[in-house]
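J.: Here's my sequence, what's the structure:
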Amino acid sequence: MYKHSLELSKAFLRTAKKLDKKHMDILERKLSEIANDPLGAGKRLKGPLKEILAVRLNKRYRVFYKIPRKCSVHVLNIYHRESAY
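T.: Residues are numbered from 1 along each chain as shown. The predicted model follows:
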């Protein structure tokens, strides 16, 4: 059982469907890390986006999420690192 519930956005689900099997396995592991320890799994962004956290999926992709309330994590989307920042 996870400590936090994950709310997956429509944009995240649309992007996740396009990933290949290798990346899907990594994504599942990263989502379980986020659900168990959202503050420890990712790094907080700086500046006006300081409420959003990001975790590396691999060298190219990042998963962005925020913690709107206690025991809940809202997963925003997956972006290629060149267009993410």
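J.: For the helix or strand V75 falls within, which helices and strands make contact with it?
T.: Element membership of V75 [criterion: DSSP states H and E] is strand 72-80. Contacting strand 72-80 under the criterion 3 or more CB pairs under 8 Å, 6 or more residues apart in numbering; DSSP states H and E are the following elements: strand 5-8, helix 10-17, helix 21-36, strand 61-69. C-beta here means a position set from N, CA and C on the backbone, and glycine is covered the same way.
J.: swap the cut-off to 10 Å and go again
T.: Applying 3 or more CB pairs under 10 Å, 6 or more residues apart in numbering; DSSP states H and E, one finds that strand 72-80 contacts strand 5-8, helix 10-17, helix 21-36, helix 38-41, strand 52-56, strand 61-69.
J.: got the contact list for the fourth one?
T.: Outside helix 38-41, the residues that touch it by CB atoms under 10 Å, 6 or more residues apart in numbering are 3-4, 6, 30-35, 53-56, 63, 65-67, 71-73, 75.
J.: Now, of these, which are buried?
T.: Buried subset of these (neighbour count, 16 or more other CB atoms under 10 Å): 6, 30-31, 34-35, 53-55, 63, 65-67, 73, 75.
J.: okay, those residues in a markdown table with pLDDT and distance to L13 next?
T.: A markdown table is the format used below for the buried ones among the contacts of helix 38-41 (pLDDT from 0 to 100; distance: CB to CB, whole Å):
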| residue | pLDDT | distance to L13 |
| --- | --- | --- |
| L6 | 84 | 11 |
| K30 | 90 | 15 |
| L31 | 89 | 12 |
| I34 | 87 | 15 |
| A35 | 87 | 16 |
| L53 | 89 | 19 |
| A54 | 91 | 18 |
| V55 | 91 | 17 |
| V63 | 90 | 12 |
| Y65 | 88 | 14 |
| K66 | 89 | 17 |
| I67 | 85 | 19 |
| V73 | 79 | 15 |
| V75 | 80 | 9 |
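J.: Quick one: distance of the strand holding V75 to the chain centre.
T.: Its chain's average C-alpha position is 4 Å from that of strand 72-80, according to CA atoms, centre = their mean, to the nearest Å.
J.: can you check stretch 13-29 too?
T.: Stretch 13-29 sits 11 Å away from the centroid of its parent chain (CA atoms, centre = their mean).
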